[in-house]
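S.K.: sequence and predicted structure are below.
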Amino acid sequence: MRKRIIALISFLCYIVCWTQAADEHYYFKNLSIKDGLSQTTVNAIMQDKKGFMWFGTKGGLSRYDGMSFRNFKRDMNDNHSLGNNFVTCLYEDNKGNIWVGTDAGVYIYYPDREIFIPFNLLSRENTQIDRTVSAISGDKEGWVWIAVETQGLFCYEPQKEQLHNYTLNSFSANVQSVTSDNSGTIWVGFYGSGLFYSKDNLKTLHPYLSPKDGEEVFKDDVIMKIVPGAYNCIYISSIRKGVQELNLTSGNLRSLLLMDETGEMVYSRDLLVNSDNELWIGTESGVYIYNLRTDKYVHLHNSKDDPYSLSDNAVYSLCEDREGGIWVGSYFGGVDYYPKSYTYFEKYYPKDGDNNLHGKRVREFCEDNKGILWIGTEDGGLNRFDPKTKTFSFFAPSSGFTNIHGLCMVGDKLWVGTFSKGLKIVDTNTGNILKTYQKNASPRSLIDNSIFAICRTTTGDIYLGTMFGLLRYNEQTDDFDRIEELAGRFVYDIKEDSGGNLWLATYVNGAYCYNVNEKKWKNYVHNESNKESLPYDKVLSIF
């Protein structure tokens, strides 16, 4: 019984730690094969000194300049091409050369000459790197550390052009991760042998022991990643222990993430210290953004109905660029980019569920007397948005007129201009459609059933813009006056200025202005001989 209570308490602790605030959103931009990425599985990401983003995939190496990709792959006819397309890790050295780890050795890219050279240097132990490279990193001395499957750990000293091979056969030849802390201590994570450290450049290697009881905490564990952080801490990701924080000053080992909010074990592949207080954790079940101060996290994952969510849950690589943006590489989804938020716009877009926006192509906004925002779309009908609850409700009757081009509030009545379905008058209190105006044989009916703009002036006049002219509503006769000066004009937008003058945007006839004092229309069009004329006669909006 006691064990059950402890297990329940542990699970509830994980639930408490998991929070994703309702107003906290992460919008990702996806880059994949369709954008030029060489392959969808992104094992490694880095940014070089020039600002280029590099992506190591199972099908080659891709360089991204913010606009387009340049791909590097093996070319049998080019001795200076990348020798292996299966890229596992990336590292830029002090000279700006890029080390490319593959599943069969290392290649160095020299940007100035734009060539790849295989790193075939023979080590002092008479060995050569020819297996799968797990990790490449550098230290303060400028030495390059290379973890190679079944071959242990290699260290390249550029000053001496010497390569050392630490086979580590007495522990395990499969090194998964390697890093150094502020004191120069080297930390080595093994695949199946746990966590070790060395204070004498690998002359001796010691297992990490708990300072409390001397227990080998990570014994026989698979260490996936080790990264240094702030406040003299390092972060360790392992299969059995999840994500742990080791404070090297106090010796305290703190468990951060072992199970998710559902009680499932978290399989973490990569770690990224985004700030002193924020750790990004790339896992098989998405990304966890862990707040190191509050011990709470946000769980980001793929959502089929959300185009801005992660493209795939199997996250293999994480990278922060110099602008503070986060790049997430996955197994099936290519790479997702989360830019640093300089502005605080919130996105609303169609998702599954009743309280979400219907339609992607938003055309019109109109606020009613109760503060409810009515939103007309060209592909999903009419929506209502409550700013207090930040929820949407679909106006069901608009299923019959999904293409909306004009909205205007007249008292508590919403005038709705549609494409080909005429003009609808909606009672915003009851939600009923009070009346529909359509074109008929009468010369005082609508000119056309497509209403592209509606404007109510300060004097109370209501104007309608159609494909074939301008109409003014006659309240006494409940019909429409046709404005002869605009006959045959495609009126796309109508606005009233501070002087009470009426401005019209037309699709091919420039802009019109009605001067209320002179009671005259003036047409503004493009004139080749007049530089101050309209640049183009196709006007879509007046502001």
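M.R.: Alright, I've got the coordinates.
S.K.: first-to-last residue distance for stretch 136-145?
M.R.: From its first residue to its last, stretch 136-145 covers 6 Å (C-alpha to C-alpha, to the nearest Å).
S.K.: next, the buried residues of it.
M.R.: For stretch 136-145, the neighbour count (16 or more other C-beta atoms under 10 Å) marks 136, 137, 138, 143, 144, 145 as buried. In short, each C-beta sits where N, CA and C put it, glycine included.
S.K.: the third one: what's it in contact with?
M.R.: Residue 138 makes contacts with 91, 93, 94, 144, 145, as judged by C-beta atoms under 8 Å, 6 or more residues apart in numbering.
S.K.: and which of those is nearest residue 110?
M.R.: residue 93 (10.7 Å; C-beta to C-beta).
S.K.: doesn't residue 125 fall inside a helix?
M.R.: No: assigned with DSSP: H, G, I helix; E, B strand; the rest coil, residue 125 falls outside any helix and is coil.
S.K.: distance of residue 271 from residue 309?
M.R.: Computed as C-beta to C-beta, to the nearest Å, the residue 271 to residue 309 distance reads 21 Å.
S.K.: kindly apply the preceding question to residue 393 instead.
M.R.: Distance from residue 393 to residue 309, by C-beta to C-beta: 23 Å.
S.K.: the two: which is more packed in?
M.R.: Between residue 393 and residue 309, residue 309 has the larger neighbour count (other C-beta atoms under 10 Å), namely 20 against 16.
S.K.: gap between the more buried one and residue 249?
M.R.: 38 Å.
S.K.: secondary structure class for residue 542?
M.R.: Going by three-state DSSP: residue 542 is coil.
S.K.: that one reaches residue 504, doesn't it?
M.R.: Yes: at 7.2 Å, residue 542 counts as touching residue 504 under the criterion of C-beta atoms under 8 Å.
S.K.: joint contacts of these two?
M.R.: With C-beta under 8 Å, 6+ apart as the test, residue 542 and residue 504 both reach 493, 494, 511.
S.K.: how about the nearest residue to the first one, chain neighbours excluded?
M.R.: Once its chain neighbours are removed from consideration, residue 493 has its nearest residue in residue 505; the separation is 3.9 Å (C-beta to C-beta, 6 or more residues apart in numbering).
S.K.: what do you get for the second one?
M.R.: Distance criterion C-beta to C-beta, 6+ apart; nearest residue to residue 494, sequence neighbours excluded, is residue 455 at 3.8 Å.
S.K.: close enough to count as contact, residue 488 and residue 468?
M.R.: Yes: at 6.0 Å, residue 488 counts as touching residue 468 under the criterion of C-beta under 8 Å.
S.K.: low-confidence ranges, the stretch 151-300 of the chain, go.
M.R.: Residues of the stretch 151-300 of the chain that meet the criterion pLDDT under 70 lie in 172-173.
S.K.: which residue ranges of it form strands?
M.R.: In the stretch 151-300 of the chain, the segments counted as strands under DSSP state E, counting those that start in this stretch are 152-157, 162-166, 175-180, 186-190, 194-198, 206-207, 223-228, 233-238, 242-247, 253-257, 268-275, 278-283, 286-291, 296-300.
S.K.: hmm, residue 197 is touching residue 206, no?
M.R.: Yes: Residue 197 is within contact range of residue 206, at 5.9 Å (criterion: C-beta under 8 Å).
S.K.: who has more neighbours, the two?
M.R.: More neighbours surround residue 197 than the other of residue 197 and residue 206, with 18 against 9 (other C-beta under 10 Å).
S.K.: inside strands: which ones of the buried residues of stretch 136-145?
M.R.: Of these, the ones assigned to strands by DSSP state E are 136, 137, 138, 144, 145.
S.K.: could you pull up the contacting residues of the nearest residue to residue 464 once chain neighbours are set aside?
M.R.: If you skip the residues right next to it in sequence, residue 464 has residue 471 as its closest partner in space, 4.3 Å away by C-beta to C-beta, 6+ apart. By C-beta under 8 Å, 6+ apart, the contact list for residue 471 reads 446, 447, 463, 464, 480, 481, 482, 483.
S.K.: for those, give me JSON lines that also has secondary structure, pLDDT and neighbour count.
M.R.: Below are these laid out as JSON lines (DSSP: H, G, I helix; E, B strand; the rest coil; pLDDT from 0 to 100; neighbours: other C-beta atoms under 10 Å):
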{"residue": "446", "secondary structure": "coil", "pLDDT": "97", "neighbour count": "21"}
{"residue": "447", "secondary structure": "coil", "pLDDT": "96", "neighbour count": "20"}
{"residue": "463", "secondary structure": "strand", "pLDDT": "98", "neighbour count": "24"}
{"residue": "464", "secondary structure": "strand", "pLDDT": "98", "neighbour count": "27"}
{"residue": "480", "secondary structure": "strand", "pLDDT": "98", "neighbour count": "23"}
{"residue": "481", "secondary structure": "strand", "pLDDT": "97", "neighbour count": "14"}
{"residue": "482", "secondary structure": "strand", "pLDDT": "97", "neighbour count": "17"}
{"residue": "483", "secondary structure": "strand", "pLDDT": "97", "neighbour count": "20"}
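S.K.: make a markdown table from the residues you listed and add distance to residue 220 to it.
M.R.: Shown next, in a markdown table, are those (distance: C-beta to C-beta, whole Å):
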| residue | distance to residue 220 |
| --- | --- |
| 446 | 79 |
| 447 | 82 |
| 463 | 79 |
| 464 | 77 |
| 480 | 83 |
| 481 | 87 |
| 482 | 86 |
| 483 | 85 |
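S.K.: of these, which is the nearest to residue 176?
M.R.: residue 464 (68.9 Å).
S.K.: which residues does the closest one contact?
M.R.: Counted by C-beta under 8 Å, 6+ apart, residue 464 has contacts 406, 417, 423, 446, 451, 453, 454, 470, 471, 472, 473, 480.
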